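Chemist: whatever this is, show me its structure:
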Amino acid sequence: MPGAAARHEETRPIGETVRPEILASAPARVHQHPRFRVARARALRGAVVRATLVLAVASIVSGAPLIWLYPREGPLLATVGAIEAVMWTAVAVWVRHVPRRYLAPVASCVAILVLPGPLLTMATLPAQYATTLAYLVVVPPAVALFIPWTPRAHGIWLLLYVGLGSGFALSPLAGSLTTEHSNGLALALVSAGLVSFIGQRRLQQTWEREFSERLRLRTLNELARAQRAELRQLNRQLAESVRRDPLTGLSNRLALSEDLVALWDQHVRYGHRYAAVMLDLDRFKALNDRFGHLAGDSTLLAVATAFRAETRPGDGLYRFGGEEFLVILPEASPGAALDTAQRLCRAVADLAILHPDNVPWGIVTISAGVAMMATEVDATDDWLRRADTALYRAKEAGRNHVGTWDPSEATSPAPEEPGASIRSAPA
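Modeler: The predicted structure follows:
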C-alpha cells in the first residue's frame, strides 16, 4: 500500500542528523597544507616536462644556423645541441616517473643543465656573447615564472646557477672572453638571480593566497552541501512527523487522507481490492475516568504495539481518532479481512489489561467493523462509513465483537470468555 510500509519503520528524531565530515582547517602556513603540496608537485612535474621539451626543440633550432654562420666551430656546437636535445627529451620522459618527494631536487639539477651549452657557445664564439648573455639572463626570471617549486628550492638553484655561471666567467675556462665581458656576465647573472628570487617570492605568496581562497571556497561548498543534506533530512523527518501520531507512532488522519486518494485510484483503475477494519476500545472513557489519562495513554500505546505485531508490513495502520484505530488491508478477501479483525481482537484481549468497568470481561477489549471497498460507493468516505457502521453494530451486539458490512446479518456472536476465538457472521 502506498506509504504504509514506510510508516512502519522508525524515523530518526529531528536534530539527530549526522553532519558529514567537513574539510580540516588549513594549517597556519598554507604551503604546509597537504593539498597545496600535492597540487604544487603536480604542477612542478608538468612544468619540468614542458620546459625540457621546449629546451630540446630549442637546442636543435639554435644549433642548425651555427653550421651555416660559423663553418669551423658551427658543426661542433650543432653536435652539442643535438646531444642536448636528446638529453632533454630523455629527461622529460624520466621526470614523469620521479617520485613526488624527489621532484624539487631533480628539477634543480635539470635547471642547472641549461648552463653548459650557452657557456660553451660564449667561450667558443665571442661574437655570440650578447645573444648568449641575454639567454643566460632570461633563464632565472623564466624559471621563477614557470617552475612552481618552493622558495627554498628556488634559492638553492639560484645559488648554483649564479655561482657556476659567475665562476665560469671569472675563471680561465672563459677562454677568449675579455675581462669586461667576464665581469659583465657575472654582474648580469647576480642581478638576474636577485630579480628572480624576489619575483619567485611574490609569486609564491600569490599562489598561497589563491590556494587559500580555493580551500576556503571548497570548505564553504562542503559546508553548504552538508547543510543542504541535513535540511533535506530534517524536511523528510518533519514531513513524516506531521503524518504520524505522537503517542502511538501510528499514521494519523493526515496520512490516511493522502493514502486514501492513492488507494481509490488503484481500485478504480486497476481493480485492486482493499478491506477496512475499524477498531474501537470498549468503554475506554470509563477506563480514563477510573485510572486517569496516563493509564489511558499507556493502554493506547500497548494496543498499538499489539496491532503492529499482528499486521503485515504492507498493511496500513492508523490512529483514526481518540480510542479508534483503522487497519487497511490491501488485496484481502472478505474472509481474510474477517480473520485479521478477529486476530486483532484476540491480541488485545491477550494483553489482559485490567478494566473493571468493561463487564463481563473485566479487561480491555475491542470491537471491530469490516467493510470491503466496492465500486458502487461514491468515495472513500462512504467506504469508511460502512466500516464504522459495522463497528457500531458490533458494539450494539455486546462489544468484543467483529461486525461486517452485511445488511442481512452484520454481527458475530460474542465469545464465551476473553481471548477466546471470536466467530463472525458470514460477510
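Chemist: enumerate every residue touching the residue of the chain most remote from its centre.
Modeler: Farthest-out residue of the chain from its mean C-alpha position, per C-alpha atoms, centre = their mean: residue 72, at 69.7 Å. Taking C-beta atoms under 8 Å, 6 or more residues apart in numbering as the criterion, residue 72 is in contact with no other residue. To be clear about C-beta, it is placed using only N, CA and C from the backbone, and glycine gets the same treatment.
Chemist: need the pLDDT of it.
Modeler: Model confidence at residue 72, expressed as pLDDT, equals 72.
Chemist: what's the helix or strand for it?
Modeler: Residue 72 belongs to no helix or strand when elements are defined using DSSP states H and E.
Chemist: wait, residue 341 sits on residue 370?
Modeler: Yes: applying C-beta atoms under 8 Å as the test, residue 341 and residue 370 come out as touching, 5.2 Å apart.
Chemist: quick one: secondary structure of the residue lying closest to residue 95 once chain neighbours are set aside?
Modeler: Excluding its sequence neighbours, the residue lying closest to residue 95 (C-beta to C-beta, 6 or more residues apart in numbering) is residue 48, at 5.0 Å. Classification of residue 48 by DSSP: H, G, I helix; E, B strand; the rest coil places it in helix.
Chemist: what's the neighbour count on residue 48?
Modeler: The local packing count at residue 48 equals 25, with neighbours defined by other C-beta atoms under 10 Å.
Chemist: could you list every residue that touches it?
Modeler: Contacts for residue 48 were tallied using C-beta under 8 Å, 6+ apart; they are 92, 95, 103, 106-107, 110, 147.
Chemist: out of those residues, who's the most crowded?
Modeler: Neighbour counts for these peak at residue 107, which has 25 neighbours (criterion: other C-beta under 10 Å).
Chemist: all helices of the stretch 251-400 of the chain, in order?
Modeler: Remark: helices assigned in the stretch 251-400 of the chain by DSSP state H, counting those that start in this stretch are 253-270, 284-291, 293-310, 334-351, 380-396.
Chemist: what sits against residue 323?
Modeler: The neighbours of residue 323, taking C-beta under 8 Å, 6+ apart as the test, are 280-281, 284, 296, 300.
Chemist: same thing but 6 Å
Modeler: Applying C-beta atoms under 6 Å, 6 or more residues apart in numbering, one finds that residue 323 lies in contact with 281, 284.
Chemist: and for residue 280?
Modeler: Taking C-beta under 6 Å, 6+ apart as the contact definition, residue 280 lies against 324, 367, 391.
Chemist: what distance do you get for it to residue 203?
Modeler: 81 Å (C-beta to C-beta, to the nearest Å).
Chemist: could you do residue 370 as well?
Modeler: Following C-beta to C-beta, the distance that separates residue 370 from residue 203 is 82 Å.
Chemist: just the contacts of residue 48: which are in helices?
Modeler: Where those overlap with helices, as defined by DSSP state H, the overlap consists of 92, 95, 103, 106-107, 110.
Chemist: export the residues you listed to CSV and tack on pLDDT and distance to residue 157?
Modeler: Conversion of the ones in helices among the contacts of residue 48 to CSV gives the following (pLDDT from 0 to 100; distance: C-beta to C-beta, whole Å):
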residue, pLDDT, distance to residue 157
92, 82, 18
95, 81, 15
103, 79, 13
106, 80, 11
107, 81, 8
110, 78, 10
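Chemist: quick one: the helices of the stretch 251-400 of the chain as a markdown table, columns for mean neighbour count and mean pLDDT too.
Modeler: Formatted as a markdown table, the entries for the helices of the stretch 251-400 of the chain read as follows, by neighbours: other C-beta atoms under 10 Å; pLDDT from 0 to 100:
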| stretch | mean neighbour count | mean pLDDT |
| --- | --- | --- |
| helix 253-270 | 15 | 89 |
| helix 284-291 | 16 | 94 |
| helix 293-310 | 16 | 95 |
| helix 334-351 | 20 | 94 |
| helix 380-396 | 20 | 90 |
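Chemist: buried ones in stretch 358-375, by neighbour count?
Modeler: Of the residues in stretch 358-375, those scored as buried under the neighbour-count criterion (16 or more other C-beta atoms under 10 Å) are 358, 361, 363-373.
Chemist: next one: stretch 269-282
Modeler: Of all the residues in stretch 269-282, those buried under the rule 16+ other C-beta under 10 Å are 273-282.
Chemist: from those residues, which is closest to residue 335?
Modeler: Checking the buried residues of stretch 269-282 against residue 335 with C-beta to C-beta, the nearest one is residue 275 at 10.0 Å.
Chemist: show me the contacts for the closest one.
Modeler: Residue 275 makes contact with 329, 332, 337, 372 under the criterion C-beta under 6 Å, 6+ apart.
Chemist: residue 283 too?
Modeler: With contacts taken as C-beta under 6 Å, 6+ apart, residue 283 has the following neighbours: 357-358.
Chemist: what's the answer for the one 10 residues further on, then?
Modeler: Residues in contact with residue 293 (C-beta under 6 Å, 6+ apart): none are found.
Chemist: ok, now residue 332?
Modeler: If you count contacts by C-beta under 6 Å, 6+ apart, then residue 332 has residue 275 around it.
Chemist: in JSON lines: the helices of the stretch 251-400 of the chain, plus distance to residue 168.
Modeler: Rendered in JSON lines, the data for the helices of the stretch 251-400 of the chain read as follows (distance: least, C-beta to C-beta, whole Å):
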{"stretch": "helix 253-270", "distance to residue 168": "88"}
{"stretch": "helix 284-291", "distance to residue 168": "105"}
{"stretch": "helix 293-310", "distance to residue 168": "91"}
{"stretch": "helix 334-351", "distance to residue 168": "100"}
{"stretch": "helix 380-396", "distance to residue 168": "98"}
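Chemist: now do the contacts for residue 168.
Modeler: Neighbour list for residue 168: residue 119 [criterion: C-beta under 6 Å, 6+ apart].
Chemist: name the helix or strand for it, please.
Modeler: Here residue 168 sits within helix 151-170, counting by DSSP H and E.
Chemist: output that helix as CSV, restricted to C-alpha atoms.
Modeler: What follows is helix 151-170, C-alpha atoms only, in CSV (Å, rounded to 0.1, in the frame of the first residue of the first chain):
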residue,chain,number,x,y,z
PRO,A,151,61.3,29.3,-2.4
ARG,A,152,64.0,27.1,-0.7
ALA,A,153,64.5,25.0,-3.8
HIS,A,154,64.5,28.1,-6.0
GLY,A,155,67.0,29.8,-3.8
ILE,A,156,69.4,26.8,-3.9
TRP,A,157,69.1,26.6,-7.6
LEU,A,158,69.8,30.3,-8.0
LEU,A,159,73.0,30.0,-5.8
LEU,A,160,74.2,27.1,-8.0
TYR,A,161,73.2,28.9,-11.3
VAL,A,162,74.7,32.3,-10.4
GLY,A,163,77.7,30.7,-8.6
LEU,A,164,78.6,28.3,-11.5
GLY,A,165,78.0,31.0,-14.2
SER,A,166,79.9,33.7,-12.4
GLY,A,167,82.7,31.2,-11.5
PHE,A,168,83.0,30.2,-15.2
ALA,A,169,83.1,33.9,-16.3
LEU,A,170,85.9,34.7,-13.9
